[in-house]
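K.L.:
build me a model:
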Amino acid sequence: HACGRRAAELSAELATAHADYRRLADTVAALVVRYDRERRRTYVNRSFEEFHAKPASVALGQTTVGEPSCDAAHAADLDDKIGRTIASGASFTIDRDYVDSRGRHICSTESIVPEHDGQGEISGALLVAFGRYEEHAAKEAKREAEITAREILDNISSAVALSEAEASGGFRIVSVNRAFEGLLDTPAFALVGKFSRELRYHAFGAELDALRSACLEHRCPQERTLSVLSAGGRRIVDARFFPSLDRFPGRRRVIEIYRDVTSLRTAETTLRSINAKLHQLRLGKELSVEDERKRIAHELHDELGQQLTALRYAAQNLGRLCDEGPSDVLASLAQIDALIDGALQSVRTVVRKLRPPALDVGLVPAVQGLIEQLFGSSEIDCDLTVTPRALSLDDYHSLHTFRCIQEALTNVARHSCATLAYVDIRKTGDEVSVHIGDNGKGFVQSVRRDSNGLSGMYERARLLGGRVQMRSRVGAGTEVSLAYRERPPGTRGEGEA
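P.N.:
Numbers count the residues shown, from 1 in each chain. Got it, this is the predicted structure:
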């Protein structure tokens with residue numbers, strides 16, 4: 001009776017363990033299959049049923065060979081290893097990566113181990129298959145990313161190379177793109193593995209290696225401009241080096257980007273040449289315009305002015321001869337005299353606008369006359385400071401400086417609503433600076449920058465090879481500054497506004 005009870009207890013424990021085993025096997029994502037010595041299935045878990053779309057009642061008692069949902073080669077290899085496990089007790093671990101008969105991509109690791117009975121004899125085999133789909137997806141994503149990166153690199157115009165520091169010194173080329181092959185007229189297989197000093201730009205080898213080393217040491221980009229001789233002639237190349245964030249410890253790599261800027265530099269040179277020619281044309285135009293103004297001013301003053309003066313004297317003489325004449329005749333003569341006087345004043349005003357006669361004496365007398373003309377009868381008090389007092393400029397610089405001062409002071413008189421204004425002219429060596437300011441209402445610079453008068457000031461500053469700066473704030477007045485170096489005409493470069 002005791003033995004019977006013990007046997008019953010053991011049987012119950014075995015049943016409980018078997019039930020626990022099944023519950024555990026049915027909750028895991030892996031496929032769990034047990035085989036007997038004839039390699040027939042004696043147990044499959046729920047994951048197996050779902051994967052093969054068949055209930056356990058159909059799967060049990062069958063072998064792997066002939067399984068319709070398995071790849072034939074895979075099924076045959078699996079059946080062979082199950083048989084070898086049962087025969088010898090050997091264990092196997094196999095990585096699978098195949099497409100099954102349903103077109104599914106299978107990526108798994110299969111483990112086959114022997115099972116033993118109570119006497120220690122091999123009673124069958126246990127198969128556990130774990131899916132590796134996340135790992136496979138990661139590998140596929142990495143592969144696609146590498147392909148995409150390669151396509152991008154091979155289709156950009158910049159030449160790109162990856163170099164690696166060698167323990168023995170120097171840097172070897174690890175990878176290049178198509179543009180790099182084209183830059184050196186050399187295929188990739190002839191470049192990869194070479195030291196940089198062996199490449200076509202070897203003349204810069206030591207310097208570039210120093211830049212690569214600095215790039216790795218300081219972990220910051222480095223750059224250099226090269227002149228490379230290629231089959232198409234000499235090329236200007238901008239080289240930039242960046243430290244590679246390599247995921248392999250111990251590797252010290254540099255990403256190198258070379259951009260052929262020959263066309264850009266050629267275009268820049270051409271543009272500078274065109275700008276220089278335009279500058280000369282503007283200079284010639286301004287000189288021609290000023291010469292024409294000067295000529296017209298002199299003609300108006302010397303010819304029309306003299307004729308009007310003579311006519312005025314004749315009218316006055318005629319009036320004296322007719323002192324005893326009719327009153328209406330005397331009135332007409334007085335009117336004629338007044339009209340002639342007005343015409344003379346108009347001629348003098350036009351002459352001053354075309355070219356102030358005081359400019360023939362110098363810049364300072366011309367500015368003094370301008371201040372008297374603009375502010376002599378106004379409420380604006382304008383102060384003129386000149387350093388040194390005997391300041392002297394050539395005719396060209398005097399003319400354009402005067403025109404800038406004239407435009408600035410005209411704006412003060414018309415728009416500023418100021419009570420105080422100033423003009424400060426200084427010359428130190430060949431450096432000339434002019435400051436014109438007021439305490440008026442000011443303005444928003446973005447609104448006034450494009451007016452014709454201000455544009456003319458910026459243009460004259462460029463002709464002088466100098467610059468104009470303007471500072472203004474609503475309610476805080478305005479200051480205009482002009483600065484340039486006095487140089488002979490034709491030697492001035494483009495200025496800046």
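
K.L.:
so after the lowest-mean-pLDDT helix or strand in the chain, what's the next helix or strand?
P.N.:
Lowest by mean pLDDT, DSSP states H and E among the helices and strands of the chain is helix 445-448, with a mean of 58. Where DSSP states H and E defines the elements, the next helix or strand beyond helix 445-448 is helix 452-463.

K.L.:
and that next one, what does it pack onto?
P.N.:
Counting by 3 or more Cβ pairs under 8 Å, 6 or more residues apart in numbering; DSSP states H and E, the packing neighbours recorded for helix 452-463 are helix 262-299, helix 395-415, strand 467-472, strand 478-485. For the C-beta atoms, the positions are set from N, CA and C on the backbone; glycine is no exception.

K.L.:
mind running it again at 6 Å?
P.N.:
Packing partners of helix 452-463 (3 or more Cβ pairs under 6 Å, 6 or more residues apart in numbering; DSSP states H and E): helix 395-415, strand 467-472.

K.L.:
buried residues in that helix?
P.N.:
Neighbour-count burial for helix 452-463, with 16 or more other Cβ atoms under 10 Å as criterion, is recorded at 454, 457-463.

K.L.:
quick revisit: mean pLDDT and distance to residue 154 added to the helices and strands packed on helix 452-463, as CSV?
P.N.:
Output for the helices and strands packed on helix 452-463, formatted as CSV (pLDDT from 0 to 100; distance: least, Cβ to Cβ, whole Å):
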stretch, mean pLDDT, distance to residue 154
helix 395-415, 89, 56
strand 467-472, 90, 47
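
K.L.:
looking at the ones you listed, which is buried most?
P.N.:
Burial of these is given as mean neighbour count (mean count of other Cβ atoms under 10 Å); helix 395-415 ranks first at a mean of 20.

K.L.:
could you dump it to CSV, C-alpha only?
P.N.:
C-alpha atoms of helix 395-415 as CSV (Å, rounded to 0.1, in the frame of the first residue of the first chain):
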residue,chain,number,x,y,z
ASP,A,395,39.8,119.4,-56.8
TYR,A,396,38.4,115.9,-57.2
HIS,A,397,38.1,115.1,-53.5
SER,A,398,36.9,118.6,-52.7
LEU,A,399,34.1,118.3,-55.2
HIS,A,400,32.7,114.9,-54.0
THR,A,401,33.2,115.8,-50.3
PHE,A,402,31.3,119.0,-50.9
ARG,A,403,28.4,117.2,-52.7
CYS,A,404,28.1,114.8,-49.7
ILE,A,405,28.0,117.7,-47.2
GLN,A,406,25.6,119.6,-49.5
GLU,A,407,23.1,116.6,-49.6
ALA,A,408,23.4,116.1,-45.8
LEU,A,409,22.9,119.7,-44.9
THR,A,410,20.0,120.1,-47.4
ASN,A,411,18.3,117.2,-45.6
VAL,A,412,18.9,119.0,-42.3
ALA,A,413,17.4,122.2,-43.6
ARG,A,414,14.4,120.5,-45.2
HIS,A,415,13.5,117.6,-42.8
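
K.L.:
confidence score at residue 493?
P.N.:
Per-residue pLDDT puts residue 493 at 50.

K.L.:
hang on, the earlier thing: any chance of CSV for the buried residues of helix 452-463, columns pLDDT?
P.N.:
As requested, the buried residues of helix 452-463 are arranged in CSV below (pLDDT from 0 to 100):
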residue, pLDDT
454, 74
457, 84
458, 85
459, 81
460, 82
461, 87
462, 83
463, 80
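
K.L.:
just the helices in the stretch 301-450 of the chain please.
P.N.:
Secondary structure of the stretch 301-450 of the chain (DSSP state H, counting those that start in this stretch): helices at 305-321, 327-354, 363-375, 395-415, 445-448.

K.L.:
most neighbours per residue, which of the ones you listed?
P.N.:
Greatest burial across the helices of the stretch 301-450 of the chain, using mean count of other Cβ under 10 Å, falls to helix 395-415, with a mean of 20.

K.L.:
contacts for that one, please.
P.N.:
Outside helix 395-415, the residues that touch it by Cβ atoms under 6 Å, 6 or more residues apart in numbering are 290, 363, 366-367, 370, 374, 421, 436, 438, 453, 457, 460, 464, 480, 482, 486, 489.

K.L.:
list the residues that contact residue 164.
P.N.:
172, 174, 253.

K.L.:
tell me which element it is part of?
P.N.:
Per DSSP H and E, residue 164 falls inside strand 159-165.

K.L.:
over to residue 137?
P.N.:
Counting by DSSP H and E, the element that carries residue 137 is helix 133-154.

K.L.:
flag every buried residue along that helix.
P.N.:
By neighbour count on 16+ other Cβ under 10 Å, the buried set for helix 133-154 is residue 153.

K.L.:
hey, C-alpha coordinates of that helix in PDB?
P.N.:
Provided in PDB are the C-alpha atoms of helix 133-154 (Å, rounded to 0.1, in the frame of the first residue of the first chain):
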ATOM      1  CA  TYR A 133      13.300  39.700 -36.500                       C
ATOM      2  CA  GLU A 134      14.300  42.800 -34.700                       C
ATOM      3  CA  GLU A 135      18.000  42.000 -35.200                       C
ATOM      4  CA  HIS A 136      17.300  41.300 -38.800                       C
ATOM      5  CA  ALA A 137      15.300  44.500 -39.200                       C
ATOM      6  CA  ALA A 138      18.200  46.500 -37.700                       C
ATOM      7  CA  LYS A 139      20.700  44.800 -40.000                       C
ATOM      8  CA  GLU A 140      18.400  45.600 -43.000                       C
ATOM      9  CA  ALA A 141      18.000  49.200 -41.900                       C
ATOM     10  CA  LYS A 142      21.700  49.500 -41.500                       C
ATOM     11  CA  ARG A 143      22.400  48.000 -44.900                       C
ATOM     12  CA  GLU A 144      19.800  50.300 -46.600                       C
ATOM     13  CA  ALA A 145      21.200  53.300 -44.700                       C
ATOM     14  CA  GLU A 146      24.700  52.400 -46.000                       C
ATOM     15  CA  ILE A 147      23.400  52.000 -49.500                       C
ATOM     16  CA  THR A 148      21.600  55.400 -49.300                       C
ATOM     17  CA  ALA A 149      24.600  57.100 -47.900                       C
ATOM     18  CA  ARG A 150      26.800  55.700 -50.600                       C
ATOM     19  CA  GLU A 151      24.300  56.800 -53.300                       C
ATOM     20  CA  ILE A 152      24.300  60.300 -51.800                       C
ATOM     21  CA  LEU A 153      28.100  60.500 -51.600                       C
ATOM     22  CA  ASP A 154      28.500  59.200 -55.100                       C
END
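
K.L.:
can you list contacts of that helix?
P.N.:
Contacts of helix 133-154 (Cβ under 6 Å, 6+ apart): 107, 160, 177-178.

K.L.:
so it versus strand 159-165, what angle?
P.N.:
120 degrees (axes from the mean of the first three to the mean of the last three Cα atoms, to 10 degrees).

K.L.:
let me know the average pLDDT across helix 133-154.
P.N.:
77.

K.L.:
what of stretch 71-82?
P.N.:
Stretch 71-82 shows a mean pLDDT of 84.

K.L.:
list the buried ones in that stretch?
P.N.:
Buried, per 16+ other Cβ under 10 Å, within stretch 71-82: 71, 74-75, 77-79, 81-82.

K.L.:
pLDDT of the next helix or strand after the strand holding residue 164, averaged?
P.N.:
The first helix or strand that comes after strand 159-165 along the chain, using DSSP H and E, is strand 171-176. Mean per-residue pLDDT for strand 171-176: 89.

K.L.:
mind checking which of the buried residues of stretch 71-82 are in helices?
P.N.:
Residues of those located in helices (DSSP state H): 74-75, 77-79, 81-82.

K.L.:
no further questions, thank you.
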